[in-house]
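Student: Here is a sequence together with a model predicted from it:
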Amino acid sequence: MGETSICQVRATVMLYDDTNKRWVPAGSENPSFSRVQIYHNAAANTYRVVGRKIQADQQVVINCAIIRGMKYNQATPNFHQWRDPKQVWGLNFGSKEDAAAFAAAMMRAIDAV
Ligand SMILES: CC(=O)N[C@@H](Cc1ccccc1Cl)C(=O)N1CCC[C@]12C=C[C@@H]1CC[C@@H](C(=O)N3CCC[C@@H]4C=C[C@H]5CC[C@@H](C(=O)O)N5C(=O)[C@H]43)N1C2=O
């Protein structure tokens, strides 16, 4: 057990390719939706963002720790982004409601770690 999901949304997970200054879909060439969740490990009080492709292979396309002091940027109502030590992640949400729910859970997690 160990981890509980505190939110689940649909989003296309993007990575910023700093070399070519462009966003690329995580996990494959063509953008497609993933089920993105925030997991909480109560024992360790850690949180992470995990996303799996919704289509067949359930490929994990993001597995990113939420760290203290992380800045979560709600660039538009549908596109939010943040930096981890290695790269910049972007989420293109399926709906503004999903975006708002994810942002609320993300900001709770950032405040809690
Ligand atoms: C200080 C810092 O780190 N700043 C970061 C942001 C940040 C601030 C604070 C805390 C954390 C972070 Cl991460 C920063 O500015 N970053 C992070 C890497 C990329 C970027 C740099 C330049 C470009 C210019 C344009 C802008 C951009 O990317 N978009 C505009 C807003 C939504 C727009 C929406 C969707 C995506 C889907 C594809 C592309 C498109 O719509 O076709 N696109 C966009 O074009 C998207 N950029 C960025 O966000």
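Tutor: Done, it's in.
Student: residue nearest the centroid of the chain?
Tutor: Val49 (5.0 Å; Cα atoms, centre = their mean).
Student: ok, it - contacts?
Tutor: Shown in contact with Val49 (Cβ atoms under 8 Å, 6 or more residues apart in numbering): 36-39, 62-64, 66, 89, 106. C-beta: built from backbone N, CA, C; applies to glycine.
Student: burial count for the spatially closest residue to Asn92 that is not a sequence neighbour?
Tutor: Leaving aside its sequence neighbours, Asn92 sits nearest to Thr12 (Cβ to Cβ, 6 or more residues apart in numbering; 4.2 Å). Using other Cβ atoms under 10 Å, Thr12 has 22 neighbouring residues.
Student: Then Ile62?
Tutor: Look at Ile62: counted by other Cβ under 10 Å, it has 21 neighbours.
Student: how close does it sit to Gly51?
Tutor: Distance of Ile62 to Gly51, given as Cβ to Cβ, to the nearest Å: 4 Å.
Student: Give me the sheet partners of the longest strand along the chain and which way each runs.
Tutor: Secondary structure of the chain read by DSSP state E shows that its longest strand is strand 3-17. Looking at strand 3-17 with DSSP bridges, its partner strands are strand 22-25 (antiparallel), strand 34-41 (antiparallel), strand 88-93 (antiparallel).
Student: need those in CSV with distance to the ligand, can you?
Tutor: Listed next are the strands paired with strand 3-17 as CSV, based on distance: least, Cβ to the nearest ligand atom, whole Å:
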stretch, distance to the ligand
strand 22-25, 4
strand 34-41, 15
strand 88-93, 4
